[in-house]
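Asks: show me how the following folds:
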Amino acid sequence: QVQLVESGGGLVQAGGSLRLSCAASGRTFSSYSVGWFRQAPGKEREFVAALGWSGGATYYADSVEGRFTISRDNAKNTVYLQMNSLNPEDTADYYCAARDHGLTYYTLSLVKNYDYWGQGTQVTVSS
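Replies: Residues are numbered from 1 along each chain as shown. Alright, predicted model coming up:
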């Protein structure tokens with residue numbers, strides 16, 4: 001079992017930055033692939049970024065490529081999402097997710113392929 005707790009959300013002006021954190025429980029966290037998803041009001045949850053368990057595979061949605069960076073610190077059992085150049089379209093609840101292993105974009109970009117989810121953290125970008 002893995003428990004995930006997100007933090008770092010908040011209100012930021014367009015063009016600003018935020019860093020989200022996702023703290024995970026479990027001693028074998030290094031064997032889990034992790035992803036960030038977001039859900040805006042009235043919309044479906046969508047893929048943002050993912051990082052394979054071995055650290056060699058990183059994927060981003062086209063809408064955040066070049067602006068967001070996903071990273072992990074296995075020693076701290078924590079996953080990060082650095083978000084730069086934020087715009088109002090980035091406003092959403094952000095969720096981290098984890099699954100055992102998994103490396104391909106197809107596996108890591110789909111909501112259904114994750115077993116563990118955090119409770120979400122809200123990000124609001126004002127214009």
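
Asks: what's opposite the residue most central in space within the chain in the beta bridge?
Replies: Nearest to the geometric centre of the chain sits Trp36, at 2.0 Å (Cα atoms, centre = their mean). In this entry, Trp36 is beta-bridged to Ala49, Cys96, by DSSP bridges.

Asks: can I assume it is in contact with Val48?
Replies: Yes - with contact defined as Cβ atoms under 8 Å, Trp36 counts as touching Val48 (4.3 Å). All C-beta atoms are positioned from the backbone trio N, CA, C, and that covers glycine.

Asks: relative to Met83, how far out is the nearest residue to Ser7 once chain neighbours are set aside?
Replies: Closest residue in space to Ser7, ignoring its immediate chain neighbours: Ser21 at 5.1 Å, by Cβ to Cβ, 6 or more residues apart in numbering. Look at Ser21 and Met83: by Cβ to Cβ, to the nearest Å, they are 12 Å apart.

Asks: swap in Tyr116?
Replies: Taken as Cβ to Cβ, the span from Tyr116 to Met83 is 22 Å.

Asks: so for these two, which sits in the more crowded spot?
Replies: Neighbours were counted for Tyr116 and for Met83 using other Cβ atoms under 10 Å; Met83 has more, 25 against 18.

Asks: per-residue confidence at the more buried one?
Replies: For Met83, the pLDDT comes out at 98.

Asks: that one pairs with what?
Replies: Leu18, Phe68.

Asks: tell me which residues touch it, please.
Replies: 17-20, 64, 67-68, 90, 123 (Cβ atoms under 8 Å, 6 or more residues apart in numbering).

Asks: ok, now how distant is it from Ser17?
Replies: Met83 sits 6 Å away from Ser17, going by Cβ to Cβ.
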